[in-house]
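S.K.: Here you go, sequence then predicted model.
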Amino acid sequence: MKIKQFKDEPLAHYSYALISNGEMALVDPSRNPMQYYKFAEENNAKIVAVFETHPHADFVSGHLQIQQETGAAIYISEKVGVDYPSTSFDEGDEVLIGTTSIKPIHTPGHSPDSLTFIAKDNGETVMFSGDTLFIGNVGRPDLREKAGNMKAKRIELAKKMYQTIKTKFNDLPDDTLIYPAHGAGSLCGKNMSDASSSTLGNERQGNWAFKEQTEEEFVKEILKDQPFIPSYFGFNVEINRKGALNVQKAKYSVPIQLNVDAIDKEGVTIVDTRDGDIYKKGHLANSINIMARSEGDKFETWLGAIIEPEEEFYLVVETVAQLDELLDRTAKIGYEKQMRAVLTLSEKVSKSSDIFKLDDFKANIDKYTIVDIRNQSEIAEGKIFDDAKAIPLNELRNRADELPEGKPFMVHCAGGYRSAAGSSILENKFKNSKVYDLSEAIKEFSPN
């Protein structure tokens, strides 16, 4: 069998193609299937199957489109309760892709309906572990309390994960290759390794989840310091359970408006993806600066954390050359239907941000209300400014009323990316106050 790993950098998502004897299967595919189609063509292979480990929370899968365009069967646990044509695939079942045998193991813990797929061919064993077993950690158990056909409390799922790790992989050899659905940077778990794969033997030795411990100790550790849950996670679980629209049809149905200096519907939020320095020189009112300059910017995560599912918004791009990429990135989390239009801006747009003077801030820190928008886990490790008001970015729109007026606001995060969004949110809220973005200058104050 030949296996290709595909990485979606902003979401730290791994998907896979497996080819055997001219047949190709996909595991946990991204929404846009074109990269898989190209790979199939390059290898003269026919896509015959899509395997879904569970209904994902952090991205929209392209499984239904792939089925409609290739005729591939979708294999997923009956426990998911999907609304699209599929083949139930649970413990005891088996399917052959060419000469490769694929069997599912029910591995609850991240979700109650999670599967791990075991592929065997010619003496080689491979595990597609989804969001159950990561490299260096395991999937978080707190995402299915409010979403999915099967809801489960976090403590209940944490206990199930303990049993999964203790019992489900015991018959597999140490040289089993592990291919997870996520790597470091994903919000589907914590403290993951930068490695994109491992062996079961390495994880048995180095992954904390495999060490001898009581269920109580395991539950306490897995629930500790989990990342925040973006607003869009439950929304994506439901999209994946029902099956998403064809991504090309969906994203190209969004209207495009060029060189605008005003929008056609007042009061609708505008998501401006341009670089912060360009944004500050001129933008539309009611804009939030969620930068998407490169794959290194986690645009998808913060779009889905700041903008609510089904909330209307306009999307501003710097140039039409970015249209396809940013429509694709927005569609990854199923937000394309919420866009009223994609815009480029006229030079007449004149609303600008307050000009920040670093020297004045250094000399008069006490004359500013400092707003720390890092995540709770970051803040718990220590404040950068003792008197800062701490409100995580994903909560800032709803909690801005907690901030006192009377002083200029200075917004900071850990590295400068998030503070562009945070300062623009406060600009919209406090129209009569000065709002500044400390941006990358935070590095001059951070102890690290």
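M.R.: All right, it came through fine. This structure is a prediction, so every number in the text was calculated from the model and none was measured.
S.K.: Read off the pLDDT value for residue 146.
M.R.: Listed pLDDT for residue 146 reads 68.
S.K.: scratch that, residue 151 is what I was asking about
M.R.: 51.
S.K.: Same question for the one 3 residues further on.
M.R.: At residue 154, the pLDDT value in this model is 90.
S.K.: List phi and psi for it.
M.R.: phi -60, psi -40 (degrees, to the nearest 10).
S.K.: who are the neighbours in contact with it?
M.R.: Neighbour list for residue 154: 141, 142, 145, 223 [criterion: CB atoms under 8 Å, 6 or more residues apart in numbering]. Quick note: C-beta positions are derived from backbone N, CA and C, even for glycine.
S.K.: Look up which residues are beta-bridged to the closest residue to residue 53 other than its chain neighbours.
M.R.: Computed as CB to CB, 6 or more residues apart in numbering, the closest residue to residue 53 that is not its neighbour in sequence is residue 130, at 2.8 Å. Residues in a beta bridge with residue 130, per DSSP bridges, are residue 180.
S.K.: hang on, isn't residue 130 packed against residue 114?
M.R.: Yes: assessed by CB atoms under 8 Å, residue 130 is found in contact with residue 114 at 5.8 Å.
S.K.: Find residues that contact each of these two.
M.R.: Contact criterion CB under 8 Å, 6+ apart; residues shared by residue 130 and residue 114: 53, 54, 107, 139.
S.K.: Could you export these as CSV, including distance to residue 257?
M.R.: Output for these, formatted as CSV (distance: CB to CB, whole Å):
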residue, distance to residue 257
53, 40
54, 39
107, 47
139, 41
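S.K.: now, among these, which is nearest to residue 170?
M.R.: Within the shared contacts of residue 130 and residue 114, proximity to residue 170 (CB to CB) peaks at residue 107, which comes in at 12.5 Å.
S.K.: which residues touch the closest one?
M.R.: So residue 107 contacts 114, 115, 116, 129, 130, 132, 133, 164, 168 (CB under 8 Å, 6+ apart).
S.K.: ok, and what's touching stretch 262-278?
M.R.: 279, 283-293, 299, 303, 307, 311-318, 322, 326, 340-341, 343, 420, 424, 437, 439.
S.K.: Would you write out the ChimeraX command that picks the buried residues out of these?
M.R.: To isolate the buried members of those in ChimeraX, using 16 or more other CB atoms under 10 Å:
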select :279,283,284,286,287,288,289,290,291,292,299,303,307,313,314,315,316,317,318,322,326,340,341,343,420,424,437,439
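S.K.: Looking at the contacts of stretch 262-278, which are in helices?
M.R.: Among those, the ones falling in helices (DSSP state H) are 279, 299, 303, 326, 420, 424.
S.K.: Pick out whichever of those sits closest to residue 335.
M.R.: Using CB to CB, residue 303 is the member of the ones in helices among the contacts of stretch 262-278 that lies nearest residue 335, at 6.4 Å.
S.K.: Go ahead and confirm the closest one touches residue 334.
M.R.: No: counting by CB under 8 Å, residue 303 does not reach residue 334; the two are 10.7 Å apart.
S.K.: circling back to that earlier point, could you take the shared contacts of residue 130 and residue 114 and lay them out as CSV, with extra columns for pLDDT?
M.R.: Supplementary listing: the shared contacts of residue 130 and residue 114 in CSV, determined by pLDDT from 0 to 100:
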residue, pLDDT
53, 98
54, 97
107, 98
139, 96
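S.K.: Quick check on those residues: which are buried?
M.R.: Buried, going by 16+ other CB under 10 Å: 53, 54, 107, 139, out of the shared contacts of residue 130 and residue 114.
S.K.: Surely the last one and residue 161 touch.
M.R.: This points to residue 139. Yes: judged on CB under 8 Å, residue 139 makes contact with residue 161 at a distance of 7.4 Å.
S.K.: Just the buried residues of the helix or strand bottoming out on mean pLDDT in the chain, please?
M.R.: Ranked by mean pLDDT, DSSP states H and E, the weakest helix or strand in the chain is helix 376-380, scoring a mean of 88. Using 16+ other CB under 10 Å as the test for burial, helix 376-380 gives 378, 379.
S.K.: how distant is whatever helix or strand comes next after it from the center of its chain?
M.R.: Where DSSP states H and E defines the elements, the next helix or strand beyond helix 376-380 is strand 389-390. Chain-centre distance of strand 389-390: 25 Å, with CA atoms, centre = their mean, to the nearest Å.
S.K.: Which strands border strand 389-390, and is each parallel or antiparallel?
M.R.: Short version: by DSSP bridges, strand 389-390 pairs with strand 369-372 (parallel).
S.K.: So what touches the strand it pairs with?
M.R.: Contacts of strand 369-372 (CB under 8 Å, 6+ apart): 379, 383-385, 387-391, 396, 403-404, 406-413, 422, 426.
S.K.: filter those to the buried ones?
M.R.: By 16+ other CB under 10 Å, the contacts of strand 369-372 give 379, 384-385, 388, 390-391, 396, 403, 408-413, 422, 426 as buried.
S.K.: and the residue of the chain most remote from its centre, how far is that from residue 357?
M.R.: Distance from the centre of the chain peaks at residue 363, with 39.2 Å (CA atoms, centre = their mean). Applying CB to CB, to the nearest Å, the value for residue 363 to residue 357 is 10 Å.
S.K.: what does residue 399 give?
M.R.: Distance from residue 399 to residue 357, by CB to CB: 28 Å.
S.K.: now do residue 415
M.R.: 21 Å.
S.K.: More neighbours: those two, which one.
M.R.: Remark: of residue 415 and residue 357, residue 415 carries more neighbours, 14 against 11, as counted by other CB atoms under 10 Å.
S.K.: Which of the helices or strands spans residue 159?
M.R.: helix 154-167.
S.K.: Only the buried residues of that helix, if you could.
M.R.: In helix 154-167, the ones that count as buried by 16+ other CB under 10 Å are 154, 156, 157, 158, 159, 160, 161, 162, 164, 165.
S.K.: what do you get for stretch 208-219?
M.R.: Per 16+ other CB under 10 Å, stretch 208-219 contains these buried residues: 209, 210, 213, 218, 219.
S.K.: Same check on stretch 73-93?
M.R.: 73, 74, 75, 76, 77, 79, 80, 82, 86, 89.
S.K.: In the stretch 251-400 of the chain, mark out all the strands, start to finish.
M.R.: 256-260, 269-272, 287-289, 313-316, 339-345, 369-372, 389-390 (DSSP state E, counting those that start in this stretch).
S.K.: Residue 28: which of those is closest?
M.R.: strand 339-345 (25.7 Å).
S.K.: Can you name every helix or strand that that closest one contacts?
M.R.: Judged by 3 or more CB pairs under 8 Å, 6 or more residues apart in numbering; DSSP states H and E, strand 339-345 is in contact with strand 256-260, strand 313-316, helix 323-331.
S.K.: what is the orientation angle of it with strand 256-260?
M.R.: Strand 339-345 and strand 256-260 are oriented at 40 degrees to each other (axes from the mean of the first three to the mean of the last three CA atoms, to 10 degrees).
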